[in-house]
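Colleague: Sequence below, structure please.
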Amino acid sequence: MRISGERSVDAVLQSIVHGLAQQPNVALVRVWVTEPGDVCGSCRMRAACPDQTACLHLSASAGTSLRGEQWSRVDGTFRRVPLGNANMEFCPSPVRAIANDRSGQLLHVSACSQWAHPEWIRQETIESFAGHPLVFRGDTLGVLGVFRRSLINEQEFGWLRMFANQAAAAVANARAFSELEKLRQQLESHNAYLREEIDSALSFGRIVGRSRSLLLVLEQVDDVAASDATVLITGESGTGKELLAREIHERSRRSQRPFVRVNCSAIPREMFESEFFGHVRGAFTGAMRDRPGRFQIANGGTIFLDEIGDLPLELQPKFLRVLQEGEYERVGEDVTRKVEVRVVAATNQNLAEAVRARRFREDLFYRLNVFPLALPPLRARTDDIPLLATHAIAEVSKRLRISAPTLTQADAARLQQYDWPGNIRELENVIQRAVILSKGERLRLDIALADLPTPETSIPDLPEVVLTDREVRAREHANLMKALERAEGRVYGAGGAAELLGINPTTLASRLRALKITPPRPR
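Modeller: Got it, this is the predicted structure:
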């Protein structure tokens, strides 16, 4: 029998019983597996259950009846066998003893007729019964039982024990495969949900996010885009100021005209005037030809002045003239030129403070600050982090031509716990590093996040406190209740209390029983 390659528990169990049922003189083969307790009132063994938390469920059955009965059914009299210190009056079956003692039993039916139906044994000419526990890595997964119409010798009993060990491993593997498939489907569902969320969040161009703080800014963008008003975007580095400027341009009547970006902090001081206003041939050493400036290139469109706070003080009057009059002169030329351009500026500095410190002209500040937009930092819009991360994963994977790894809810929660001083730019860098390290498999956030600086917090010296056992249990009880409340009563699965606590679901179930906590019904 080949059972190790089966991927589902049901397929493994069916292979076990049908394979053994074909052996000489075998009348009936059955497999019971351990499952959570059956709470239905119809179970005849309910009175024998000590705590009704777990029992053996008849899960597979096969054989040949001399009377033509159907032995593949799993809903008969012995469909449930209680575990633990069951009442023997209700449950005299050796199946329970095999599971509890984790040892096999070889019985001659004639010597142990009290646990079976004597009439059934006589009519089916049953001579012996052999049973072995299905044990894998210390866990009892179930019981394998074989009824035979001839005596089973010790050699055959030993062979059945080896087969039971192999069967237990196959059942454990199939359960693992089933759990992985369940998780895969959950992840696919989660990914589909996030893709829908991103599609919805991307309804405003390429700006990802639906947090309230961001939506308030986007509403203002819609209001100002249709006008030609000068816009000043403020916000920390990495918050997406250029992206917002592009959206203003794309939603304006100038969308078919140029969008020219200039980073004021990246231009050498001696080249500022030439860069913005252009120069003529021979205006200075190296000026081999006429060159238009950025304002001339942006004529009719939008010019985005990034890091406007780094604009040299001596050049600011010329910028003010362009904004007020739409006029400028190229370097080395006396001709006054006209330009019609919309200005969108951005800075991560406090320009009002720079004005008070006389590092920035007051009249230029007010000319730029016609319609201010303040982009919130990423730490103020943590709800957008899973959407931004998923979008970044898709973009990086597409660029690297690898399959996109999955962002789990646990990954998203870890990302939301960090303050992101570098904002979206820092998040995108971390995601790119994690995708590269994943090599198309699991997202390696553990390595990517390990290099991030840990914010230093000042913790006052507190006296050491020794808690009593009662206080420790009270705190654990409160923590478990908080996890169940946040998970809306769910113990298992994505977003369940076990995942929030970072422990195995079976471990959590044991702690809940020990503390006598009954999880609320999931909403």
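Colleague: in the sheet, who's paired with Arg148?
Modeller: Assessed by DSSP bridges, Arg148 has beta-bridge partners Val26, Ser128.
Colleague: if I pick it, what's in contact with it?
Modeller: With contact taken as C-beta atoms under 8 Å, 6 or more residues apart in numbering, Arg148 is in contact with Asn25, Val26, Ala27, Ile126, Glu127, Ser128, Phe129, Ala130. (C-beta placed from N, C-alpha, C; glycine too.)
Colleague: Could you report the distance from the residue of the chain most remote from its centre to Val280?
Modeller: Ranking residues of the chain by C-alpha distance from their mean position (C-alpha atoms, centre = their mean) puts Asp334 at the top, at 62.8 Å. Asp334 sits 10 Å away from Val280, going by C-beta to C-beta, to the nearest Å.
Colleague: what does Gln432 give?
Modeller: To Val280, Gln432 is 44 Å away according to C-beta to C-beta.
Colleague: Please apply the same query to Tyr418.
Modeller: To Val280, Tyr418 is 52 Å away according to C-beta to C-beta.
Colleague: before we move on, back to that, what's the ChimeraX syntax to select whichever of the contacts of Arg148 are buried?
Modeller: Those of these that count as buried under 16 or more other C-beta atoms under 10 Å are selected in ChimeraX with:
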select :26,27,126,127,128,129,130
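Colleague: Using TSV, lay out the contacts of Arg148 together with pLDDT and distance to Leu313.
Modeller: Shown next, in TSV, are the contacts of Arg148 (pLDDT from 0 to 100; distance: C-beta to C-beta, whole Å):
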residue	pLDDT	distance to Leu313
Asn25	90	103
Val26	92	98
Ala27	91	100
Ile126	89	103
Glu127	89	106
Ser128	90	102
Phe129	90	98
Ala130	92	96
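Colleague: Which one of the contacts of Arg148 is nearest to Thr506?
Modeller: Ala130 (30.3 Å; C-beta to C-beta).
Colleague: Break this protein down into its domains, please.
Modeller: When the chain is parsed into structural domains using automatic domain parsing, the resulting residue ranges are 9-180, 212-376, 379-450, 469-514.
Colleague: Contact partners for Asn25?
Modeller: Asn25 makes contact with Arg148, Arg149, Ser150 under the criterion C-beta under 8 Å, 6+ apart.
Colleague: The second one touches Arg122, doesn't it?
Modeller: Translated: Arg149. No - using C-beta atoms under 8 Å as the test, Arg149 is too far from Arg122 to be in contact (11.8 Å).
Colleague: Which one's more surrounded, those two?
Modeller: Ranked by neighbour count (other C-beta atoms under 10 Å), Arg149 and Arg122 place Arg149 first, with 16 against 11.
Colleague: excluding its backbone neighbours, what's nearest that one?
Modeller: Asn25 (4.6 Å; C-beta to C-beta, 6 or more residues apart in numbering).
Colleague: gap between the one you found and Phe365?
Modeller: Taken as C-beta to C-beta, the span from Asn25 to Phe365 is 99 Å.
Colleague: Now do Leu323: how many residues are near it, please.
Modeller: Neighbour tally, Leu323, other C-beta under 10 Å: 17.
Colleague: So it lies in a helix, does it not?
Modeller: Yes - assessed with DSSP: H, G, I helix; E, B strand; the rest coil, Leu323 lies in a helix.
Colleague: State the distance from the residue sitting nearest the centre point of the chain to Asp290.
Modeller: In the chain, the C-alpha closest to the average C-alpha coordinate belongs to Thr408, at a distance of 1.3 Å (C-alpha atoms, centre = their mean). To Asp290, Thr408 is 58 Å away according to C-beta to C-beta.
Colleague: tell me the contacts of Val331?
Modeller: Residues in contact with Val331 (C-beta under 8 Å, 6+ apart) are Glu273, Ser274, Phe277, Gly278, His279, Val280, Ala283, Phe284, Ala287.
Colleague: Rebuild these as JSON lines, extending it with secondary structure and pLDDT.
Modeller: Converted to JSON lines, those look like this (DSSP: H, G, I helix; E, B strand; the rest coil; pLDDT from 0 to 100):
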{"residue": "Glu273", "secondary structure": "helix", "pLDDT": "86"}
{"residue": "Ser274", "secondary structure": "helix", "pLDDT": "88"}
{"residue": "Phe277", "secondary structure": "helix", "pLDDT": "89"}
{"residue": "Gly278", "secondary structure": "strand", "pLDDT": "88"}
{"residue": "His279", "secondary structure": "strand", "pLDDT": "88"}
{"residue": "Val280", "secondary structure": "coil", "pLDDT": "87"}
{"residue": "Ala283", "secondary structure": "coil", "pLDDT": "82"}
{"residue": "Phe284", "secondary structure": "coil", "pLDDT": "82"}
{"residue": "Ala287", "secondary structure": "coil", "pLDDT": "77"}
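Colleague: Give me the buried subset of those.
Modeller: Glu273, Ser274, Phe277, Gly278, His279, Val280, Ala283.
Colleague: Correct me if wrong: the fifth one contacts Ala287.
Modeller: Right, the one you point to is His279. Yes - His279 sits in contact with Ala287 when judged by C-beta under 8 Å, with a separation of 5.3 Å.
Colleague: got any residues that touch both of the two?
Modeller: Contact criterion C-beta under 8 Å, 6+ apart; residues shared by His279 and Ala287: Val331, Gly332.
Colleague: and Gln324, how far is that from Ser8?
Modeller: Noted for Gln324: a distance of 76 Å to Ser8, by C-beta to C-beta.
Colleague: Between its first and last residues, how far does stretch 219-236 reach?
Modeller: Using C-alpha to C-alpha, to the nearest Å, the end-to-end distance of stretch 219-236 comes to 20 Å.
Colleague: ok, residues contacting it?
Modeller: With C-beta under 8 Å, 6+ apart, stretch 219-236 has contacts from 204, 241, 244-245, 247-248, 251-253, 308, 323, 342-348, 351, 367-377, 421, 423.
Colleague: hmm, back to that, just send the buried ones among the contacts of Val331 back as a markdown table, with distance to Thr64 too.
Modeller: As requested, those are exported to a markdown table (distance: C-beta to C-beta, whole Å):
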| residue | distance to Thr64 |
| --- | --- |
| Glu273 | 100 |
| Ser274 | 97 |
| Phe277 | 98 |
| Gly278 | 97 |
| His279 | 100 |
| Val280 | 104 |
| Ala283 | 104 |
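Colleague: any idea of the mean pLDDT for the helix or strand harbouring Phe157?
Modeller: Element membership of Phe157, judged by DSSP states H and E, is helix 154-201. Helix 154-201 shows a mean pLDDT of 74.
Colleague: Would you enumerate the residues in contact with the nearest residue to Ala354 once chain neighbours are set aside?
Modeller: Leaving out its chain neighbours, the residue that sits closest to Ala354 by C-beta to C-beta, 6+ apart is Phe360, at 3.9 Å. For Phe360, the contact set (C-beta under 8 Å, 6+ apart) comprises Gly309, Leu311, Leu313, Gln316, Leu351, Ala354.
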